[in-house]
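Asker: based on what follows, work out the 3D shape:
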Amino acid sequence: MKIAFTICSNNYLAQAKILEYSLLEKNSDYKFIIGLCDEFSEDIDYSFLENIEIIPASQFGIYCFDEIIKKYDIVELNTSIKASFFKYLISKYENLETIIYFDPDIQIFNKLSLLEKYLKEYDILLTPHILNPIGVDDFSPAESSFLNYGIYNLGFLALNPKSQNARDLLDWWEDKTLKIGFSQVSNGLFVDQLWINLVPIFFNKVKVLDEYGFNVAPWNLHERNLIVKINDEYIMNDNSKLVFYHFSSYNYTKPEVFSKHYDRYNSVTLSKEVYELYSQYHNKLIQNKIDYFSEIKCFYSKEEVKVVVKKKSVLKVLIYNIIPPFFIKLVKKVF
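Answerer: Alright, predicted model coming up:
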């Protein structure tokens, strides 16, 4: 059995539908599952997601679920439960051979057979944000961006579910993300992603994918903008096929801005083929009623509570890191 899954709140269901359709169009032997980081809403007709299993995060069996929905914002919450959902699915499906996570704003363009081949030899597959230097200039991203936010992009992660090595990774990662999965770059924390810098050191049988066709995104267009379309397939400039594109930070209301975080490329400097990818993705979002879904507020978004809890949680982590061990009991009493 092969599973591909995503995690999102109700406001990202339009994107998740594109992911599901594109995945199964090219890989019909996969089961697609949505981990809903939200509650089901009476205002949503979920029938448009027919044949998709949707599992609310409250059913993952997370021991501290009531705590994390209070202390994390919507991005932190969605990312903090990723390891937990991996573990939930692996335990639920005993005959699982392949399990892959994709961010909801990814579109699949080809078969995943090469990933499956790698998983016969490796337990953990990662995609780095970039494969080649960018240089120093006034545009973003810069190489230093990835020193702050992570060498690897966690919009994708593939694991061998039968491997104890991969399960050890999930246990270690889950412990970090549930306790300190904050976006606090100044404190060395960036949700679930920054921890993965350590994975090739801490764990065995890790494959860092170096084909251009995996996880093409706004942050690596300096090396992947030159794409050729041949017989309805997109071919990268290293001759690999485009397998999946990550439309990260794309705002459908401002289609001329391809990423709110990066300005290295725009509608003028993008290649015709990459521009075409964005145009078709934009149209699919409109068809999936992105204008409606994007306005839906996550059930767990209680900002007035989160601000207080988050400050307390971060302070707790910092204190634990700097005070002598004999003060730990006192700190536990205070918090």
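Asker: helix, strand, or coil at residue 266?
Answerer: Residue 266 falls in the coil class when you classify it by DSSP: H, G, I helix; E, B strand; the rest coil.
Asker: any idea how many residues pack against it?
Answerer: Other residues near residue 266 number 13, with proximity taken as other C-beta atoms under 10 Å. Bear in mind the C-beta positions are built from the backbone N, C-alpha and C, glycine included.
Asker: report pLDDT for it.
Answerer: In the predicted model, residue 266 carries a pLDDT score of 82.
Asker: OK, contacts around it?
Answerer: For residue 266, the set of contacting residues under the criterion of C-beta atoms under 8 Å, 6 or more residues apart in numbering consists of 256, 257, 258.
Asker: now list the buried members of those residues.
Answerer: For these, a burial check counting by 16 or more other C-beta atoms under 10 Å picks out residue 258.
Asker: so of the contacts of residue 266, which ones are in strands?
Answerer: Secondary structure defined by DSSP state E assigns none of these to strands.
Asker: tally of neighbours for residue 99?
Answerer: Considering only other C-beta under 10 Å, residue 99 is surrounded by 24 other residues.
Asker: surely it is in a helix?
Answerer: No. Residue 99 is assigned strand when assessed by three-state DSSP, not a helix.
Asker: hey, what's it bridged with?
Answerer: Note on residue 99: beta-bridge partners residue 3, residue 159, judged by DSSP bridges.
Asker: state the distance from it to residue 1.
Answerer: Residue 99 sits at a distance of 9 Å from residue 1 (criterion: C-beta to C-beta, to the nearest Å).
Asker: what is the rounded mean pLDDT of the helix or strand hosting residue 117?
Answerer: With elements delineated by DSSP states H and E, residue 117 resides in helix 113-118, which encompasses its position. What helix 113-118 shows for mean pLDDT is 98.
Asker: list the buried residues for it?
Answerer: Along helix 113-118, these residues count as buried under the neighbour rule (16+ other C-beta under 10 Å): 114, 115, 116, 118.
Asker: so can I have JSON lines of those residues showing distance to residue 141?
Answerer: Putting those into JSON lines (distance: C-beta to C-beta, whole Å) gives the following:
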{"residue": "114", "distance to residue 141": "26"}
{"residue": "115", "distance to residue 141": "25"}
{"residue": "116", "distance to residue 141": "30"}
{"residue": "118", "distance to residue 141": "26"}
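Asker: quick check, nearest of the residues you listed to residue 80?
Answerer: Of all the buried residues of helix 113-118, the one sitting nearest residue 80 is residue 115; the distance, using C-beta to C-beta, is 24.8 Å.
Asker: so who does that closest one touch?
Answerer: 98, 100, 125, 158, 214, 243.
Asker: which one among those gets closest to residue 208?
Answerer: For these, the minimum distance to residue 208 (C-beta to C-beta) is 8.2 Å, reached by residue 125.
Asker: which residue is the nearest non-sequential neighbour of the closest one?
Answerer: Spatially, and ignoring its direct neighbours in sequence, residue 125 is nearest to residue 158 (3.9 Å; C-beta to C-beta, 6 or more residues apart in numbering).
Asker: next one: residue 127
Answerer: Counting by C-beta to C-beta, 6+ apart, the residue nearest residue 127 is residue 215, at 4.0 Å.
Asker: how about the helices in the stretch 151-300 of the chain?
Answerer: 164-180, 199-202, 221-224, 272-287, 290-293 (DSSP state H, counting those that start in this stretch).
Asker: need the ones you listed in TSV with distance to residue 153, mean pLDDT and mean neighbour count, can you?
Answerer: As requested, the helices of the stretch 151-300 of the chain are arranged in TSV below (distance: least, C-beta to C-beta, whole Å; pLDDT from 0 to 100; neighbours: other C-beta atoms under 10 Å):
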stretch	distance to residue 153	mean pLDDT	mean neighbour count
helix 164-180	15	98	18
helix 199-202	13	98	13
helix 221-224	13	96	19
helix 272-287	17	96	16
helix 290-293	23	97	16
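Asker: of those helices, which is nearest residue 137?
Answerer: In this view, those are compared for proximity to residue 137 by C-beta to C-beta, and helix 221-224 is the closest at 10.3 Å.
Asker: dump the helices of the stretch 151-300 of the chain to CSV, plus distance to residue 144.
Answerer: Shown next, in CSV, are the helices of the stretch 151-300 of the chain (distance: least, C-beta to C-beta, whole Å):
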stretch, distance to residue 144
helix 164-180, 23
helix 199-202, 20
helix 221-224, 14
helix 272-287, 24
helix 290-293, 33
